[in-house]
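Visitor: Sharing a model prediction with you, sequence too.
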Amino acid sequence: MTILELREKRAKAWEAAKQFLDSHRNETGILSAEDDAIYTKMEGDITALGKEINRMVELEKLNNEMVKPTSTPLTAKPESAKVDTKVGRASDEYKKAFWNTVRKRDSVEVLNALQVGTETEGGYFVPDEFERTLISSLEAENIIRKHAHVFQTSSGSHKIPVVSTKGTATWIDEEGAITESDDAFGQTLIGAHKIATLIKVSEELLQDSAFDLEGYFKKEFARRIGNAEESAFLTGNGTGKPTGILAATGGADLGITAASATAITADELIDLFYSLKVPYRKNAIWVLNDSTIKAIRKLKDQNGQYLWQPALRDGEFDTVLGKRIFTSPYAPEIASGAKSIAFGDFSYYWIGDRQGITFRRLNERYAENGQVGFIASKRVDGKLILPEAIKVLKMKATSGT
């Protein structure tokens with residue numbers, strides 16, 4: 001079944017679910033236990049179709065990459081020798097030396113080539129090309145990084161000037177004095193917190209030249225670091241890690257507090273939408289847990305229209321009130337006192353990557369098991385520069401929460 005056919009099938013299933021919901025609610029607007037079970041199954045089918053569509057879209061992207069030619073055809077007389085014009089960690093010599101060292105193929109030439117990438121704490125900086133592909137993979141794993149403003153810094157910290165109070169204009173009489181009204185500037189400091197992970201690889205795999213070591217490292221390190229980053233970018237408290245968007249101090253502004261600790265209403269979602277200032281709504285997105293999406297699918301506006309709308313055609317996306325939805329397992333679920341929904345322009349969340357991802361090889365630590373350890377580490381920080389750019393919906397806090 002094609003992606004288009006799956007989209008059409010999901011659209012029909014959604015229409016059937018809406019009709020079932022509208023026709024089986026009793027006079028108080030509640031489904032019977034039997035009807036609720038039927039609707040829950042219909043909703044589950046819609047969710048499953050959505051996940052299959054996303055899976056096929058990613059597979060199609062991968063297939064398009066795989067069919068690209070692996071080499072460029074000769075259109076002119078080949079040169080007698082290839083000249084590597086790149087220098088430092090971008091050079092082919094450095095890349096070759098780095099992966100030879102990972103596989104433990106030492107030589108004087110290898111060690112000399114790696115001098116440009118020696119890290120002060122031990123180990124070597126990864127080649128530039130590998131670092132770029134790893135960062136790209138991090139974006140695929142991490143929805144916050146994908147929508148945030150990401151920059152690189154060579155120092156451990158970066159000061160960002162922020163306008164804390166804006167000046168205003170006033171009406172004055174003829175020849176009257178103009179009231180002074182200056183902008184007040186503050187500073188936000190982006191630091192460099194260290195994040196690291198360790199992978200063990202058998203010596204047999206390292207010696208097997210057919211094993212795609214570079215691809216494996218890129219995928220596995222990106223998955224681990226990407227997941228840890230996304231959790232911190234959302235809920236980090238700023239102590240030894242980035243300050244998250246939902247942090248109590250330094251996080252997004254409160255848009256609305258729900259009247260319930262266990263449920264969200266359509267009016268509350270609409271109120272959250274309009275609590276965000278107009279300039280930020282242009283590029284605003286929703287970020288929430290998958291379970292929260294399930295809870296708000298049944299909600300309608302005052303005109304009887306469902307707030308959640310599925311993507312019907314290729315290139316479209318599921319939306320709530322016309323804005324795209326992104327789910328993260330690290331967004332809090334609906335619970336007492338939880339900040340369950342974030343809505344706003346996530347480009348005002350700034351992520352500072354300290355330049356250079358470091359690899360270290362541990363030769364002896366796991367030698368008795370026939371394994372070699374590899375540590376990948378990087379320094380990163382993140383902060384919301386303008387708290388008003390993102391609004392959150394907070395669930396009512398019950399006593400004892």
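Guide: Thanks, I have it. Residues are numbered from 1 along each chain as shown.
Visitor: Mind checking what secondary structure residue 197 has?
Guide: Recorded secondary structure, residue 197: strand (DSSP: H, G, I helix; E, B strand; the rest coil).
Visitor: how close does the residue lying closest to it once chain neighbours are set aside get to residue 206?
Guide: In space, and not counting its chain neighbours, residue 197 is closest to residue 224: 4.4 Å by C-beta to C-beta, 6 or more residues apart in numbering. Every residue, glycine included, has its C-beta placed from N, CA and C. Residue 224 sits 20 Å away from residue 206, going by C-beta to C-beta, to the nearest Å.
Visitor: which SSE is the residue nearest to residue 197 in?
Guide: According to DSSP states H and E, residue 224 maps onto helix 213-235.
Visitor: Would you tell me what the next helix or strand after that helix is?
Guide: The helix or strand immediately downstream of helix 213-235 is strand 253-257, counting by DSSP H and E.
Visitor: which parts of that following strand are buried?
Guide: For strand 253-257, burial by neighbour count (16 or more other C-beta atoms under 10 Å) applies to 255-256.
Visitor: Mind checking the pLDDT average for it?
Guide: Mean per-residue pLDDT for strand 253-257: 96.
Visitor: for stretch 44-59, same thing?
Guide: Mean predicted confidence for stretch 44-59 is 82.
Visitor: which ones are touching residue 64?
Guide: For residue 64, no residue counts as a contact, taking C-beta atoms under 8 Å, 6 or more residues apart in numbering as the criterion.
Visitor: gap between it and residue 389?
Guide: 35 Å.
Visitor: Check residue 177 too.
Guide: Taken as C-beta to C-beta, the span from residue 177 to residue 389 is 35 Å.
Visitor: Looking at the two, which has the bigger crowd around it?
Guide: It is residue 389, of residue 177 and residue 389, that has more neighbours when counted by other C-beta atoms under 10 Å, with 22 against 7.
Visitor: Isn't that one up against residue 343?
Guide: No: contact criterion C-beta atoms under 8 Å: residue 389 and residue 343 do not qualify, at 10.4 Å.
Visitor: list the contacts for residue 7?
Guide: 53, 311-314.
Visitor: Quick check: it is in a helix.
Guide: Yes: under three-state DSSP, residue 7 falls within a helix.
Visitor: residues near residue 231, how many?
Guide: 19.
Visitor: Just give the closest residue to it, not the sequence neighbours.
Guide: residue 330 (4.3 Å).
Visitor: shouldn't that neighbour be in contact with residue 230?
Guide: Yes: the pair residue 330 / residue 230 is scored as a contact, 5.5 Å apart, by C-beta under 8 Å.
Visitor: quick one: contacts for the residue nearest the centre of the chain?
Guide: Centroid-nearest residue in the chain, with C-alpha atoms, centre = their mean: residue 143, separated by 2.0 Å. By C-beta under 8 Å, 6+ apart, residue 143 lies in contact with 230, 287, 326, 328.
Visitor: swap in residue 241?
Guide: 193, 195, 232.
Visitor: go on, residue 149?
Guide: For residue 149, the contact set (C-beta under 8 Å, 6+ apart) comprises 347-351.
Visitor: For it, list each beta-bridge partner.
Guide: For residue 149, the beta-bridge partners under DSSP bridges are residue 350.
Visitor: Which pLDDT value goes with it?
Guide: Looking at residue 149, its pLDDT reads 92.
Visitor: Residue 97 now?
Guide: On pLDDT, residue 97 comes in at 67.
Visitor: Angles on the backbone of residue 264, please.
Guide: Per-residue torsions, residue 264: phi -120, psi 140 (degrees, to the nearest 10).
Visitor: same check, this time on residue 200
Guide: For residue 200, the backbone dihedrals are phi -110, psi 130 (criterion: degrees, to the nearest 10).
Visitor: again with residue 194
Guide: According to degrees, to the nearest 10, residue 194 has phi -90, psi 130.
Visitor: list the contacts for the nearest residue to residue 348 once chain neighbours are set aside?
Guide: Distances taken as C-beta to C-beta, 6+ apart place residue 389 nearest to residue 348, at 3.7 Å, with adjacent residues excluded. By C-beta under 8 Å, 6+ apart, the contact list for residue 389 reads 252, 280, 344-345, 347-348.
Visitor: what's the pLDDT at residue 389?
Guide: pLDDT at residue 389 comes out at 95.
Visitor: How about the one 4 residues further on?
Guide: pLDDT recorded at residue 393 is 97.
Visitor: ditto for residue 273
Guide: At residue 273, pLDDT is 97.
Visitor: quick one: it and residue 234, what's the gap?
Guide: Residue 273 is 20 Å from residue 234, by C-beta to C-beta.
Visitor: Compare these two (neighbour count), which wins?
Guide: The neighbour comparison of residue 273 against residue 234 (other C-beta under 10 Å) goes to residue 234, with 25 against 20.
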